[in-house]
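Visitor: Provided below are the primary sequence and the corresponding predicted coordinates.
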Amino acid sequence: MEEKTNVMRLLEQKKIPYKSHTYPCQEAISGQEVAAILGQSPDNVFKTLVTVAKSRQNYVFVIPVHKELDLKKAAKAVGEKSVEMLKAKELLPLTGYIHGGCSPIGMKKFFKTTIDESVLSCDTFCFSGGKVGYQVEVSPADLARIIKYETADLT
C-alpha cells in the first residue's frame with residue numbers, strides 16, 4: 001500500500017480523479033529524469049516554481065520540466081514589474097514543501113498560480129505529489145476544481 005501524500009488526500013476529498021506515480025528517490029532529481037523514470041513526455045511533466053516579486057508578493061508558476069521559466073513573461077503574467085526565484089531555504093517555511101517536492105496543491109497558504117499555457121494541449125499532466133518521489137497526474141480541468149489558476153506563456 002503506497003503512502004498517501006497531503007496532495008493525494010486533498011484530491012480525494014474533492015473527488016478529483018488522479019493517478020499517482022512514485023519513483024525511488026532520496027533527493028531531488030531533475031524533472032527530465034522524473035519524466036524518463038515515469039515513461040512520460042517532458043511536455044506532460046511539470047515543475048512547480050515559487051517566486052517573489054518586487055512587491056514582496058509570492059507567486060507560483062507551473063511549467064514543463066524541460067523548460068526554463070522566463071522571469072519577464074512570468075512578471076507580466078501576474079502584473080508585476082519583476083519576479084525572481086524564491087531562495088531554496090525560504091521554500092519550506094513559506095509553503096510547507098521542500099525543494100523537489102513542491103506542489104501547487106496544499107501549500108500552507110494559497111498563492112496566485114499561473115500554469116504554462118502548453119498545459120492546455122495536455123489531456124492530463126503530472127506534477128509533484130508534495131513529496132520527493134511522488135507525482136500526481138490530473139487533467140487541467142480537474143485541477144481547476146481544487147485550485148484557481150490562470151494560464152500564460154511562461155517559457
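Guide: Received it, and whenever you're ready, just let me know what you need.

Visitor: ranges for the strands of this structure?
Guide: 19-22, 46-53, 58-64, 83-85, 112-116, 125-128, 134-138, 149-152 (DSSP state E).

Visitor: just name the most buried of these.
Guide: strand 125-128 (a mean of 26; mean count of other Cβ atoms under 10 Å). C-betas here are computed from N, CA, C, even on glycine.

Visitor: got JSON lines for the strands of the chain, with distance to Gln40 and mean pLDDT too?
Guide: Formatted as JSON lines, those follow (distance: least, Cβ to Cβ, whole Å; pLDDT from 0 to 100):
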{"stretch": "strand 19-22", "distance to Gln40": "8", "mean pLDDT": "94"}
{"stretch": "strand 46-53", "distance to Gln40": "10", "mean pLDDT": "97"}
{"stretch": "strand 58-64", "distance to Gln40": "11", "mean pLDDT": "98"}
{"stretch": "strand 83-85", "distance to Gln40": "24", "mean pLDDT": "98"}
{"stretch": "strand 112-116", "distance to Gln40": "16", "mean pLDDT": "98"}
{"stretch": "strand 125-128", "distance to Gln40": "6", "mean pLDDT": "97"}
{"stretch": "strand 134-138", "distance to Gln40": "8", "mean pLDDT": "96"}
{"stretch": "strand 149-152", "distance to Gln40": "20", "mean pLDDT": "98"}
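
Visitor: I'd like those strands laid out as a markdown table, including distance to Ala74.
Guide: Converted to a markdown table, the strands of the chain look like this (distance: least, Cβ to Cβ, whole Å):
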| stretch | distance to Ala74 |
| --- | --- |
| strand 19-22 | 27 |
| strand 46-53 | 6 |
| strand 58-64 | 5 |
| strand 83-85 | 5 |
| strand 112-116 | 7 |
| strand 125-128 | 17 |
| strand 134-138 | 22 |
| strand 149-152 | 8 |
